[in-house]
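Trainee: What follows is a predicted structure for the sequence shown.
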Amino acid sequence: MSVAPPLLAVEGLTKSYGGIHAVRGVSFSLRPGEILALIGPNGAGKSTCFDMLNGQNKPDSGHVRLLGEETTGKKPRDIWRMGVGRTFQITATFATMTVRENVQVALISHGRQLFNLWGSAPNVDRNEAGRLLELVGMGGYADRPCGELAYGDLKRLELAVALANDPKLLLMDEPTAGMAPRERVELMRLTAQIAKEKSIGVLFTEHDMDVVFEHADRIIVLNRGTLIAEGSPAEVRGNPQVQAIYLGEGLLYEGGHREGASA
Amino acid sequence: MAFYVVQFLTGLASAASLFLVASGLSIIFGVTRIVNFAHGAFYMIGAYIAFTLTERFSGAFGFWGGVVAAALAVALIGVLVEIVLLRRIYHAPELFQLLGTFGLTLMVEDLVVLIWGPDDLVGRRAPGFKGAVDFFGQNIPSYDLFLIALGPVVLGVLWLLFQRTRWGVLVRAATQDRDMVAALGVNQKWLFTSVFAVGVFLAALGGALQIPRDAVHHAMDLRIIVEVFVVVVIGGLGSIVGAFVAAVLVSELNAFGILIFPKISIILVFLVMAVVLIVRPWGLFGKPEAAARKTPGLSVNPWRPLTLNERLASLAALIIAAMLPLFAGNYALTVGSEIAIFVIFAVSLHFLMSVGGLASFGHAAYFGLGAYGVAFLAKMAGLPMIVCLLLGPLLGCMGAAVFGFFAVQLSGVYFAMLTLAFAQIVWSIAFQWVSVTGGDNGILGVWPEKWAASPSHFYWLALGVAALVTIALRVMVFSPFGYALRATRDSLLRSEAVGINAKRIQWTAFVIAGTTAGIGGALFAYLKGSVFPDNLGISLSVDALVMVLLGGVETVSGGVIGAIVYKALNIWLVSQTDLSKLVLGGFIVLIVVVFPKGIVGMLEILAQRRRKSSPPGSSLLAKPVESAE
């Protein structure tokens, strides 16, 4: 039915380090407004995959296309210009600038004002910055130096920054890592709400399965670099292969003989 | 053939001492992350003390005992310095330690003159190594052969120390991750102190062992420190083997460079360093440095443009300054012009260093290029002054465009060292290309035209330009470009992730800073009526760094205030006392310890306290600050 290309199309993505295949032939796609979770145990290749999507790492082979346009091999800043916002696993913000200024920098970049030497930056997109901060619930913190913020607030600020260029796609690497349980729920609820309203596709990695199953429309599972399952939360939850990875070879434990033998 | 072998061996002998000093600096940096500018001073004290001891105690025991005792004594001084000074400033802003150790160096330079006098001292020959060995008709001093053997021996001892002792393991661990070592329960304080002591011991030993080869004099610290920086950077910070290889490389370059390219021998070493830095920024044997853990919660006040009141106050200050010719004499006006010019120089570096986070150790290059630009245009092309003033700085601009392109590919200490290398290359050209630059004799007779010739007119000119430049750069700090520049300083990762081409932003900032410095240099040429290689020398670059750090590197106005205080104090001290370096150095050390945030930083803290202590109801005080944003 759909002739138009999907928002994000990943085809046969492959990367190896030395003899280790970090990612092998991974393919998936993402629709506007869809929230897709990328999960897998440690070392499954999630981060490598992620870095190839946002341009920090170059794949050995395979393609990444955004609305049909090739992004493979492009620099992070060029991919951002194509409409991809991102948040980091460990927050990266401008620590000596205020919360509002952090957002303003992204807006200045979006408005291609970076080499404007004479304008008054405090007034550039001031209202727009305020609106974005309100959106993520940080309106009251606009004048605080970013270095003073609590971790959860930094994550919300990152979301505001990521939204500054009206992205079509959000890449969030462990968006709730290091947050308190309630903050996690709030942040993901907020993200989901914004994604639906603005029809933004969201791809996120996450270790917290509660967050994943509650907020993802669809889940893809990586193990040892290959994609082993894809589907709705219910489907993935019921997938025996996924269960095996996450819960261990459950059958072995039933008899109770192997207790303590698993590490 | 024999001649070249001898030349090679002489190079190797020079390498020994260089290696000792460089390995000390490297160890200290590896663990404490301090760029110890005083390392050359420790080297020099080692030489002086060894001279005294070996003169007093005769015989082989007197000589060798004296050399070792001198190194031990200086190590003890080092421990004292570490405990009293450095421990207080480990957590100060980056490079502040550099300012502190620079203050120490200044003090030491005067102290050694005070104690040992200004004359060169020729030390004793080493007992047992007084003669020379005949090598196919060429003479090699036997002491050189001793030094050649000593280098690898010291390398071996250090290797054993680091590989086989518990202390060595801790030092290596701390070089990789000092936070982790501290977390494992190692007493970091004493680890740092002991590392500093060992490093200083090596420097002093290097100095003490030089006395049979070279005269001891009170400027030997600056000469060695630059070479040592080069060695450490080429070898790789924190790598002992790297320091050894690089020391040999640099010494051989010096030994053969003079034979093969006598005209550009000085450039050679810096050219090699620049190439190494560009190709392998972490040095031949170093490892790429892991990003340091930054604790969130930096105590930096958010920057804001001046409030209306502050603007009026600045304007009033400018008007008062402009009235100086009404009551001051010619000397005071000349001093005033010089201070105004240094304000230009300091704010240009401040823009690069505070706003861009790029601490250039060779900013004088662009100041000096501006000065030479004016001199060429005025003397060779005979252009009118106003044209020279406008076009002269373009030479600084072009220099900054070329060198800046490479420099901004690096960051931190490596950026600093590459800028230093470029500045030295420019200096060498000015020094050795005699037919064009006049070499050491400089270019004389660059006098202002009639309209600017009188001290008061020139003062107004300098003051006006300084005010314009300061305002322009301040506007840029709060322009979208300024925000982008600060963004690249705070987080490269995040800037790239919001579409900022960080290198291009930084390059632009470099060119702006270089051009501005060139404007200062252009005025300076007319003020002095002449241009010398010193106008782009290291000590001028260091002056600029000191001015910015003194004013406060984390503040917007630090450059201006730092330049005024430092330059005024400097000129006044030189006119008042023969020990100006001692007093100035002491003053700098005091500032570092008491006001680690610089003068403006301190004023801001005081203002903040006053605001906080006022009752919450008094919104009168709080209001202008909020509206200032």
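Mentor: Sure thing, it's come through. Numbering: from 1, shown residues only, chains lettered A, B, ... in the order given.
Trainee: which other residues reach stretch A:74-88?
Mentor: Stretch A:74-88 is contacted from outside by A:54-56, A:66, A:69, A:71, A:155, A:158-159, A:161-173, A:175, B:493-494, B:496-501, using C-beta atoms under 8 Å, 6 or more residues apart in numbering or on different chains. The C-beta positions use only the backbone N, C-alpha and C, and glycine is treated the same way.
Trainee: In PDB, please show the C-alpha coordinates belonging to it.
Mentor: C-alpha atoms of stretch A:74-88 as PDB (Å, rounded to 0.1, in the frame of the first residue of the first chain):
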ATOM      1  CA  LYS A  74      27.600  11.000   7.000                       C
ATOM      2  CA  LYS A  75      28.900  13.000  10.000                       C
ATOM      3  CA  PRO A  76      26.700  13.300  13.100                       C
ATOM      4  CA  ARG A  77      26.100  17.000  12.400                       C
ATOM      5  CA  ASP A  78      24.900  16.400   8.900                       C
ATOM      6  CA  ILE A  79      22.600  13.700  10.000                       C
ATOM      7  CA  TRP A  80      21.200  16.100  12.600                       C
ATOM      8  CA  ARG A  81      20.600  18.600   9.800                       C
ATOM      9  CA  MET A  82      18.500  15.900   8.000                       C
ATOM     10  CA  GLY A  83      16.200  15.900  11.000                       C
ATOM     11  CA  VAL A  84      17.500  13.400  13.500                       C
ATOM     12  CA  GLY A  85      17.600  14.500  17.100                       C
ATOM     13  CA  ARG A  86      19.400  12.500  19.700                       C
ATOM     14  CA  THR A  87      20.000  12.000  23.400                       C
ATOM     15  CA  PHE A  88      23.100  10.400  24.900                       C
END
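Trainee: List the buried residues in it.
Mentor: Of all the residues in stretch A:74-88, those buried under the rule 16 or more other C-beta atoms under 10 Å in any protein chain shown are A:74, A:76-77, A:79-88.
Trainee: From those residues, which land in helices?
Mentor: Judged by DSSP state H, those include A:76-77, A:79-81 as members of helices.
Trainee: where along chain A do the strands fall?
Mentor: Ranges of strands within chain A are A:8-17, A:20-30, A:35-39, A:61-66, A:69-70, A:84-87, A:169-173, A:201-205, A:218-223, A:226-231, based on DSSP state E.
Trainee: residues in contact with B:Ala509?
Mentor: Counting by C-beta under 8 Å, 6+ apart, B:Ala509 touches B:351-352, B:355-356, B:358, B:485.
Trainee: ok, and the most crowded of those?
Mentor: B:Leu352 (32 neighbours; other C-beta atoms under 10 Å in any protein chain shown).
Trainee: is it true that that one lies in a helix?
Mentor: Yes. B:Leu352 sits within a helix when classified using DSSP: H, G, I helix; E, B strand; the rest coil.
Trainee: Report the separation between it and B:Ile34.
Mentor: From B:Leu352 across to B:Ile34, the span is 22 Å (C-beta to C-beta, to the nearest Å).
Trainee: State the mean pLDDT of the helix or strand harbouring B:Trp427.
Mentor: Following DSSP states H and E, the helix or strand that holds B:Trp427 is helix B:412-432. Mean pLDDT, helix B:412-432: 87.
Trainee: just checking, what packs against that helix?
Mentor: When contacts are defined as 3 or more C-beta pairs under 8 Å, 6 or more residues apart in numbering or on different chains; DSSP states H and E, helix B:412-432 packs onto helix B:220-235, helix B:265-279, helix B:364-375, helix B:393-407, helix B:434-437, helix B:538-551.
Trainee: what about the chain, any weak spots by pLDDT?
Mentor: I went with chain A, as the question did not name one. Where chain A drops to pLDDT under 70, the residues are A:1-4, A:247-263.
Trainee: try again with chain B
Mentor: B:93-94, B:263, B:289-300, B:613-629.
Trainee: Can you pull up the most central residue in chain B?
Mentor: Closest residue to the average C-alpha location of chain B: B:Val542 at 4.4 Å, with C-alpha atoms, centre = their mean.
Trainee: Identify the residues contacting the residue lying closest to that one once chain neighbours are set aside.
Mentor: Nearest non-adjacent residue to B:Val542, counting by C-beta to C-beta, 6 or more residues apart in numbering or on different chains: B:Phe102, 6.3 Å away. For B:Phe102, the contacting residues are B:37-38, B:542, B:545-546, B:585, B:588, by C-beta under 8 Å, 6+ apart.
Trainee: change it to 7 Å
Mentor: By C-beta atoms under 7 Å, 6 or more residues apart in numbering or on different chains, B:Phe102 lies in contact with B:37, B:542, B:546, B:588.
Trainee: What of A:Phe204?
Mentor: For A:Phe204, the contacting residues are A:37-38, A:172, A:175, by C-beta under 7 Å, 6+ apart.
Trainee: Reformat the helices and strands packed on helix B:412-432 as JSON lines; add distance to A:Arg237.
Mentor: Listed next are the helices and strands packed on helix B:412-432 as JSON lines, based on distance: least, C-beta to C-beta, whole Å:
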{"stretch": "helix B:220-235", "distance to A:Arg237": "56"}
{"stretch": "helix B:265-279", "distance to A:Arg237": "53"}
{"stretch": "helix B:364-375", "distance to A:Arg237": "64"}
{"stretch": "helix B:393-407", "distance to A:Arg237": "55"}
{"stretch": "helix B:434-437", "distance to A:Arg237": "78"}
{"stretch": "helix B:538-551", "distance to A:Arg237": "59"}
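Trainee: Would you mind finding the most buried of the ones you listed?
Mentor: Of all those, helix B:364-375 carries the top mean neighbour count, a mean of 32, counting by mean count of other C-beta atoms under 10 Å in any protein chain shown.
Trainee: I'd like the next helix or strand past that one.
Mentor: helix B:385-391.
Trainee: elements contacting that following helix?
Mentor: helix B:364-375 (3 or more C-beta pairs under 7 Å, 6 or more residues apart in numbering or on different chains; DSSP states H and E).
Trainee: Kindly recompute the last result at 10 Å.
Mentor: When contacts are defined as 3 or more C-beta pairs under 10 Å, 6 or more residues apart in numbering or on different chains; DSSP states H and E, helix B:385-391 packs onto helix B:364-375, helix B:450-453, helix B:455-477, helix B:502-528.
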